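Engineer: From the sequence below, what's the structure:
(2 chains)
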Amino acid sequence: MNWLDPREELAHRLGLASTPAVHFTSPAEVRERLAAQDYLSDDTIASATFLADRLAKPVLIEGPAGTGKTSLARAVADATGARLVRLQCYEGLDESKALYEWNYRKQLLRIQAGRGEGDGAEEWERLEGDIFSGDFLLTRPLLEAITAEEPIVLLIDEVDRVELETEALLLEILSEYQVSIPELGTVRARQIPLVFLTSNSTRELSEALKRRCLYLYVGYPDVARERDIIEARVPGVRTALAQQIAEVVRSLRQLDLKKAPSVSETLDWARTLVVLGREEIGIEDAVATLSVLLKYQSDIERATTALRERPPSSA
Amino acid sequence: MLDLLAGFIGELRATGLPVSLSEHMDAARALELIDLGDRDQVRATLAATLVKRSDHLAAFYQAFDVFFAVRPGARDTSDPPAESAPGAAGESGVGGGGGEGMSAEELHDLLYRALRDDNRAQLRSGARAAVERYAGMEPGRPVGGTYYLYRTLRYLELDELERRLVEGQPGRGDLAWRLARDEARSRIAQLKQEVERAIRERLVDDRGAEALARSLRRPLPEDVDVMHANRDELAALERALRPLSRKLATRLARRRRRRRRGPVDLRTTVRQSLSTGGVPLELRFRPPRPAKPEIFVVADVSGSVASFARFTLHLVHAISSQFSRVRSFVFVDGLDEVTSYFEGVDDPADAVRRINSEADVVAFDGHSDYGHALTVFRDRYLDEITRRTTVLILGDARNNYHLARADVLADVRARARHVYWLNPEPAGYWNSGDSIISEYAGHCDAVVECRTLRQLERFVGDLGT
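Structural biologist: Below is the predicted model:
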């Protein structure tokens, strides 16, 4: 057995009968198959996804809002035919919402229903074994992801929203692909899920979490890629218009705005222009529809001034 | 390859990136899985495994370019495919590393065409030729190449190139000029990158990767000394500050909310217990009483600490939403309250500009006088300081040999909850020359050295507890 292969090693540790097949054979294949799902990646995205698969490690995706962090996980799930299990993080998320919870009410009912059968001590022993079994367990996304038999893409969205202490909940599943439940023992994964974590970096994640993950920074795409994204995602848009939209958006991102337009806002804008039947953007169209791209009044004013700028000689 | 990787990781660690052993192992494993001939893939792979923070990426890419620069031997093999790329047709006679036979006009024209057609391969060879011709590189000098870059770019007349590019674009409606200009700028930025890269390649040939990496080493954004930052670094710092202040704000808010649970809320607990047959399985608590700390910031804005003060005022503005009251004061030898300048302002830079031009901070000669400024502060505002007030004083305590009046600070401390002093000078310089920090230190809860973003972050984080 080749111990250098991380997937085989993990499969052995999890006690799987055979090593699950890899999803991708090269970063180039990742790009192609994501492109088939209308998700246009670049070198870094493709490499990170490829490595996540081959090294069996989670990927931590950071970057500004609306650059396709969550859609990457969705596209990978579609491309590999896996089921997407999503855990949306929020402040106050705890074990019982993320991992598992004992179904108290059902347990109580079971106890009450069982009252009066046989004598005390013996009954209690049987009962105890009974109420702490899988039947009384409510699985939450993380446990669901590893107990599933079919291929899974696990998306842990906006992980920066949970408290630093709650992050620790994730560590076991991220590094060992298992969950320890005190009453039941350790539940090991039945396959190797692809795990994506996204973060808007509103706070620094702990070193322990980062060490267990590959890191991927998804920034704004360059003009050519953004044009391709627009063409892929907006039906009925012409290449020339897509190019122009991408260029305008690039110019806007270079301004010092409070909130730069994201890719999803660019797509909204492109759809707006297509609905309006524009083949080309004139300055007035652009200014009139800026509110789709920009969400602050001061940004809109600043952008309007900048777009109306004329060459110094002809001014 | 493994040795090269180890050397590369050594360089990253020397720059300050925390690369752990397990990350090193991940990188080594990952390299076995990919095509080592593809430089971009290697780069993306190492970035994914070794870097864990977006603001460290720039340092990583720089180190990568030095360590994995295209060597002269490899250059000839790497160029031909690029050279034969579509669009390069008709440019025969311009070899990979060459261009020696060209005149200055020919070279400029070649670069112009490469930029116009967005032909990366041609741009690269043009940049190499330009470096050859203009940089005037002297072998063996331990420099980082900034001067070579400056010289080459000066001869290339980038403004002229930009103008030609903009004019060469066909017009497409009234937005065209603006878009063409931005496009031209981004292409010229590419040219700059190529020139930089060509210079780096030659420096690596000359002195080897490790020596060059050492002279190129820059502190990470959070370690830049605020007092000595250059303009670019300051701009980078201000950019870094925006997310930082948001981070701090969320952290402070969270900590305050979570810190203590209030008393048991009997009503809710009992009501909750009805669904479990009257057995109170879960205790309910009342939310804690919110603490409402007040912060008074007193900042020296004299010339000697101007960049630090500016930077701190940005931060003050950012955290002001998290505290019920933040009041800011600036002084040189007089003192003025500037809280109102921050109110309703979106961009702290505007507020800083207004403060610099409008605030009345000079009483006599425009040299810092801590004694006088503190006296004014006590006389005017002492009554408003309460047990909930934290006073932050920002300054280097270089008093130009005026009277210290440390007793004034003692009065302030007697009323306030805490008095902290943030000093932007290295601790080693304290109390040398006209610095009299030790006289004030006795009347502060702590005097903190605060030269970098990292130190500032730690201080503000602790403040919230």
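
Engineer: Test my guess that residue A:187 contacts residue A:176.
Structural biologist: No: in this structure, residue A:187 is not within contact of residue A:176 by C-beta atoms under 8 Å, at 10.9 Å. Bear in mind the C-beta positions are built from the backbone N, C-alpha and C, glycine included.

Engineer: Compare those two (neighbour count), which wins?
Structural biologist: Between residue A:187 and residue A:176, residue A:187 has the larger neighbour count (other C-beta atoms under 10 Å in any protein chain shown), namely 20 against 17.

Engineer: how close does the nearest residue to the more buried one once chain neighbours are set aside sit to residue B:14?
Structural biologist: In this structure, residue A:187 finds its nearest non-sequential neighbour in residue A:179, 4.8 Å apart by C-beta to C-beta, 6 or more residues apart in numbering or on different chains. Noted for residue A:179: a distance of 40 Å to residue B:14, by C-beta to C-beta, to the nearest Å.

Engineer: In terms of helices and strands, where is the residue of the stretch 1-150 of chain A found nearest chain B?
Structural biologist: Using C-beta to the nearest C-beta, the closest approach of the stretch 1-150 of chain A to chain B is made by residue A:47 at 3.7 Å. Assigning secondary structure by DSSP states H and E places residue A:47 in helix A:43-55.

Engineer: State the three-state secondary structure for the residue nearest to residue A:187.
Structural biologist: At residue A:179 the chain is in strand, as set by DSSP: H, G, I helix; E, B strand; the rest coil.

Engineer: which other residues reach stretch A:112-128?
Structural biologist: A:110, A:111, B:277 (C-beta atoms under 8 Å, 6 or more residues apart in numbering or on different chains).

Engineer: Now tell me what touches stretch A:54-62 from outside.
Structural biologist: A:6-7, A:10, A:22, A:24, A:48-49, A:51-52, A:69, A:72, A:159, A:174, A:177, A:192, A:195-201, A:205, A:209-210, A:212-218, B:26, B:29-30, B:33, B:48, B:52, B:54.

Engineer: which of those residues count as buried?
Structural biologist: A:6-7, A:10, A:24, A:48-49, A:51-52, A:69, A:72, A:159, A:174, A:177, A:192, A:195-201, A:205, A:209-210, A:212-218, B:26, B:29-30, B:33, B:48, B:52, B:54 (16 or more other C-beta atoms under 10 Å in any protein chain shown).

Engineer: circling back to that earlier point, between residue A:179 and residue B:14, tell me which one has more neighbours.
Structural biologist: The neighbour count for residue A:179 versus residue B:14, taken as other C-beta under 10 Å, is higher for residue A:179 (21 against 13).

Engineer: For that one, list the residues it contacts.
Structural biologist: Taking C-beta under 8 Å, 6+ apart, one finds A:99, A:100, A:142, A:143, A:146, A:172, A:173, A:186, A:187 in contact with residue A:179.

Engineer: Would you format these as CSV with pLDDT included?
Structural biologist: CSV is the format used below for these (pLDDT from 0 to 100):
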residue, pLDDT
A:99, 86
A:100, 86
A:142, 89
A:143, 89
A:146, 87
A:172, 86
A:173, 87
A:186, 87
A:187, 88
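
Engineer: can you list the domain ranges for the chain.
Structural biologist: With no chain named, the answer covers chain A. A:6-95+A:140-217, A:101-131, A:223-307 (automatic domain parsing).

Engineer: ah, no, chain B please
Structural biologist: B:2-68, B:90-209, B:232-259+B:292-463.

Engineer: Pull out the buried residues from the worst-scoring helix or strand of chain A on mean pLDDT.
Structural biologist: When each helix and strand of chain A is scored by mean pLDDT, DSSP states H and E, helix A:120-131 comes last, with a mean of 76. Neighbour counts using 16+ other C-beta under 10 Å place A:127, A:131 of helix A:120-131 among the buried residues.
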